[in-house]
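> attaching a predicted model along with its sequence, questions to come.
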Amino acid sequence: MSTDAIVLLKEDHKEIRKLFREFRGADDGDEKGRIVGRIIELLTVHTYIENEGMYPEVRALLPDLESDILESFEEHHVADVLVTELAGMKPDAERFDAKTTVLIENVEHHIEEEEEEWFPRVREALGRKQLQEIGARMLELKEKAPHSPAQPSALKKTIDAVVS
């Protein structure tokens with residue numbers, strides 16, 4: 001298994017996209033609920049390792065990418081709010097599908113920006129060794145990452161602490 005930070009994040013993205021396709025193809029409310037539960041878990045872990053591992057490291061090493069990192073933190077904040085709301089909803093709730101669709105659209109946009117714009121710039125600027133070191137720390141963070149969303153105020157405190 002690679003410890004390259006970008007490879008690890010792209011593997012997460014692949015798994016998340018697969019769940020998005022499954023949600024879009026699901027007909028049954030219980031099935032959608034199960035899929036959304038898994039989406040919530042994966043996104044919670046993924047945003048945690050990016051917010052706590054990747055973003056602070058890249059921000060320190062590549063100050064030119066600060067605006068991209070700040071935008072990513074805000075995109076995570078929006079996703080975290082939607083995830084928190086979805087975690088408290090039942091699949092038969094009137095806005096469950098609509099809220100999940102908005103989450104999917106936002107996350108797909110975020111993934112696309114990272115993979116097409118941000119990751120190539122990071123890979124070019126950082127050496128293989130640095131990306132492996134960041135990835136190794138991210139794997140450690142993944143072990144202790146929360147698997148369910150925190151309250152929005154706790155998420156805001158985490159983001160504020162990292163960006164200030």
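Nice, thanks for sending it over. Numbers count the residues shown, from 1 in each chain.

> just give me how far the helix or strand hosting Phe23 sits from the chain centre.
Using DSSP states H and E, Phe23 maps to helix 5-25. Helix 5-25 sits 10 Å away from the centroid of its parent chain (CA atoms, centre = their mean, to the nearest Å).

> tell me which residues of that helix come out buried.
Within helix 5-25, the residues that count as buried by 16 or more other CB atoms under 10 Å are Ala5, Ile6, Val7, Leu8, Leu9, Lys10, Asp12, His13, Ile16, Leu19, Phe20, Phe23. For every residue, glycine as well, the C-beta is placed using N, CA and C.

> how about low-confidence regions in the chain?
1, 150-164 (pLDDT under 70).

> give me the phi and psi for Tyr92.
Small correction: residue 92 is Asp, not Tyr. Asp92 has phi and psi values of phi -90, psi 10 when expressed as degrees, to the nearest 10.

> count of residues packed around it?
11 (other CB atoms under 10 Å).

> tell me the spacing between the closest residue to it other than its chain neighbours and Phe73.
The shortest distance from Asp92 to any residue other than its chain neighbours is 5.2 Å, reached at Gly29 (CB to CB, 6 or more residues apart in numbering). Using CB to CB, to the nearest Å, Gly29 is found at 33 Å from Phe73.

> who has more neighbours, those two?
Ranked by neighbour count (other CB under 10 Å), Gly29 and Phe73 place Phe73 first, with 19 against 14.

> wait, what's in contact with Gly33?
Contacts for Gly33 (CB atoms under 8 Å, 6 or more residues apart in numbering) come out as Lys90, Pro91.
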